[in-house]
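1. Build me a model from this:
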Amino acid sequence: MMNLKNLHTENKPVQTNVLFSTEEGKVISLQIAAGEQLKEHITKVPALLVCVNGNAVFHDEKGKSIGLLTGDYVHIEANVKHWVDAKEDSNFILIK
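-> Here you go, the predicted model:
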């Protein structure tokens with residue numbers, strides 16, 4: 001059976017796995033453990049972060065703070081610092 005959780009087998013607080021990529025972009029599975037953070041960073045292209053399951057908070061340098069529960073998503077602006085704090089084990093799909 002194919003399941004996003006099964007893609008992340010390392011014992012790391014933040015894990016990524018490219019599901020597929022094309023010349024135009026890629027789709028990434030992202031897992032963040034409870035109480036951990038996807039560190040502050042910038043993407044050069046707009047992106048869409050979809051919470052597949054879990055509970056997390058997306059933050060950006062403009063002061064945006066958005067709670068993400070299962071099924072929620074956020075548009076990520078290009079060239080804006082952002083980070084994600086996981087309140088519980090959380091899985092995401094990142095499209096960029």
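
2. Now do the contacts for the residue lying closest to Gly54 once chain neighbours are set aside.
-> Using CB to CB, 6 or more residues apart in numbering and skipping the chain neighbours, the partner closest in space to Gly54 is Ser90 (2.6 Å). C-beta coordinates here come from the backbone N, C-alpha and C atoms, glycine included. Listed by CB atoms under 8 Å, 6 or more residues apart in numbering, the contact set of Ser90 reads 31-32, 34, 51, 53-56, 68.

3. Redo these as a markdown table? Include neighbour count.
-> What follows is those, written out as a markdown table (neighbours: other CB atoms under 10 Å):
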| residue | neighbour count |
| --- | --- |
| Gln31 | 25 |
| Ile32 | 25 |
| Ala34 | 13 |
| Cys51 | 22 |
| Asn53 | 15 |
| Gly54 | 20 |
| Asn55 | 17 |
| Ala56 | 25 |
| Leu68 | 22 |
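
4. Of all the residues in stretch 13-28, which ones are buried?
-> Within stretch 13-28, the residues that qualify as buried are 14-15, 28, counting by 16 or more other CB atoms under 10 Å.
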